[in-house]
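Participant: Mind folding the following:
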Amino acid sequence: MAFSSVQFLFVFLPLSLAVYWVCPRRLRNLVLDMFSLLFFAWAGLKGAAILVLLICINWLGGLSLGRLAHKRPLLALLTVLNLAVLSGFRYAGFAAQTLNAVAPGLVPVLAPALPLGIGFYVLTAIGYCADVAAGRAVPEKSPFRFAVFLAFFGHGPSGPIVRYGQQAPQLDPCGQARCVSADRFCYGIKRLVLGLAKKAIIADQLALIYARVTAVPAATLPAPILVLGYTAFMMQLYFDFSGYSDMAIGIGEFFGITLPENFDYPYLACSIGEYWRRWHISLSGWFRDYLYIPLGGSRCRLRRTCLNLLIVFALAGLWHGTAWKYLAFGLVHGALLCLEHLGLRALLGQLPKFFQHLCTVVVLWGTLIIFGAPGLKEGLAVLRGIMSWQTGSKGYTLAAFADTKLLLILATSFLLCGPLQALLPKLKAALYARKAPSLPGMAGLLVLLFLGLMRVTAGTYSAFSYFQL
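Facilitator: Residues are numbered from 1 along each chain as shown. So this is what the prediction gives:
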């Protein structure tokens, strides 16, 4: 049940809000827990059962960590249990396929259905246990409050990955932090509408170009069409995921739960390091705080720092999916960050900002070809075709992959992914202002809502890209 689906927008969200606001305050966490469980059960009862199991394990584990003098053994056990659940669903089939590629028929290949959001709430649970063990957080005593923290349907499917220390004040349904004023509710509506517009009006339309290009073998397509298809993918990925994050933040505000920002116009970055500080901020922060820094971070010798970066980004790549292309994507980004530490960042810093930005975007686009291609072999074929500027087979024309409307949407996406907001600071401030919008702002939101709902009710919406994680 995607946030941009008819079922969610017209049934699930209004019903959950109605029940939540009718119930007494002391019962509101229970209401959120019930609706969150229903949300995950909609995607599969097995996935919902796994989520309940992880809630129980990590809640009890957190309480035990708070009482023990020596916490490391239990923390290690809880981490292994969480990762075992994730690995059993996501990586067992990948490992079997890899072994069978070397020795066919060696092990059976199983492909269990992936529970919705498992990659996100497993990282959230591990972070909670690590914070409790380190004394950065006090164990949550209420299982209902803990379930809201870990599995609230507003952020459970695709993040942002929340930290218990940030969320704890908002877990008390009777607390001041949970109060929802008219301005706060209006802010939630604004973020929900903006996210829906990003998803339904822009991302889902750009996905049509990408789908048409990837449906044809890369070796047969002219280079300009390959450039078009993977440029559309780059923009679709941003508007899809940042649109989801906007909707998640808006939904959280309806229930008095403020979620962290997950994007800060990443395509304006002037280095790969800056890109990761702007893209999927909660995930980058998680890997930095719970993996990179414990490995030694940048406090080690340069050689060890580079090894730490390669380890972190290899795991980050595999976290995105069970295919060699994701591992390659992660390793390439790790290697690029190593080059920045070795002096590339200082070298690029001598260039004008525009050229720093241009170099970063071109390199990023090349890595996203690997990420977005159907497979690693296909991604390499695309890069080879673009770098050699292949002519491809005859008969492939631009009109077969994108009409005028889609090209206009693609051009508009270039402006709306950050340049327009950078040129018009007042527009950027208005988008994030935590108060009721002005009359022109309300009119603009109504237009976006109307256009977004037209797409949704026409059945042209699709699941968010990161729902598969």
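Participant: Look at Trp286 and say how many residues are nearby.
Facilitator: When neighbours are counted by other Cβ atoms under 10 Å, Trp286 registers 24. The way it works is simple: take the backbone N, C-alpha and C, and place the C-beta from them, glycine included.
Participant: close enough to count as contact, Gly441 and Ala430?
Facilitator: Yes. With contact defined as Cβ atoms under 8 Å, Gly441 counts as touching Ala430 (6.3 Å).
Participant: Neighbour count: these two, which is higher?
Facilitator: The neighbour count for Gly441 versus Ala430, taken as other Cβ under 10 Å, is higher for Ala430 (17 against 14).
Participant: just checking, next helix/strand downstream of the host helix or strand of the more buried one?
Facilitator: Under the criterion of DSSP states H and E, Ala430 resides in helix 425-432. Counting by DSSP H and E, the element after helix 425-432 in chain order, helix or strand, is helix 439-457.
Participant: and the angle from that following helix to helix 425-432?
Facilitator: 60 degrees (axes from the mean of the first three to the mean of the last three Cα atoms, to 10 degrees).
Participant: Helix 439-457: which residues count as buried?
Facilitator: Gly444, Leu445, Leu448, Leu449, Gly452, Leu453, Arg455, Val456 (16 or more other Cβ atoms under 10 Å).
Participant: Between which two of the residues you listed is the distance greatest?
Facilitator: Farthest pair in these (Cβ to Cβ) is Gly444 and Val456. Separation: 18.5 Å.
Participant: circling back to that earlier point, Serialize the buried residues of helix 439-457 to JSON lines and add fields for distance to Ala248 and pLDDT.
Facilitator: Converted to JSON lines, the buried residues of helix 439-457 look like this (distance: Cβ to Cβ, whole Å; pLDDT from 0 to 100):
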{"residue": "Gly444", "distance to Ala248": "21", "pLDDT": "91"}
{"residue": "Leu445", "distance to Ala248": "18", "pLDDT": "93"}
{"residue": "Leu448", "distance to Ala248": "17", "pLDDT": "94"}
{"residue": "Leu449", "distance to Ala248": "17", "pLDDT": "93"}
{"residue": "Gly452", "distance to Ala248": "16", "pLDDT": "92"}
{"residue": "Leu453", "distance to Ala248": "19", "pLDDT": "92"}
{"residue": "Arg455", "distance to Ala248": "19", "pLDDT": "89"}
{"residue": "Val456", "distance to Ala248": "17", "pLDDT": "89"}
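Participant: how far away is the spatially closest residue to Gly175 that is not a sequence neighbour from Ala84?
Facilitator: What sits nearest to Gly175 in space, not counting adjacent residues and going by Cβ to Cβ, 6 or more residues apart in numbering, is Pro169, at 6.5 Å. Separation of Pro169 from Ala84 (Cβ to Cβ, to the nearest Å) stands at 32 Å.
Participant: re earlier: so the residue nearest to Gly175 touches Cys179, yeah?
Facilitator: No. Proximity of Pro169 to Cys179 does not meet the contact threshold set by Cβ under 8 Å, at 11.6 Å.
Participant: phi, psi of Leu309?
Facilitator: phi -60, psi -40 (degrees, to the nearest 10).
Participant: Next up, the contacts around it.
Facilitator: Neighbouring residues of Leu309 by Cβ atoms under 8 Å, 6 or more residues apart in numbering: Tyr292, Gly334, Leu337, Cys338, His341.
Participant: Leu351 versus that one, what's the distance?
Facilitator: Applying Cβ to Cβ to Leu309 and Leu351 gives a distance of 23 Å.
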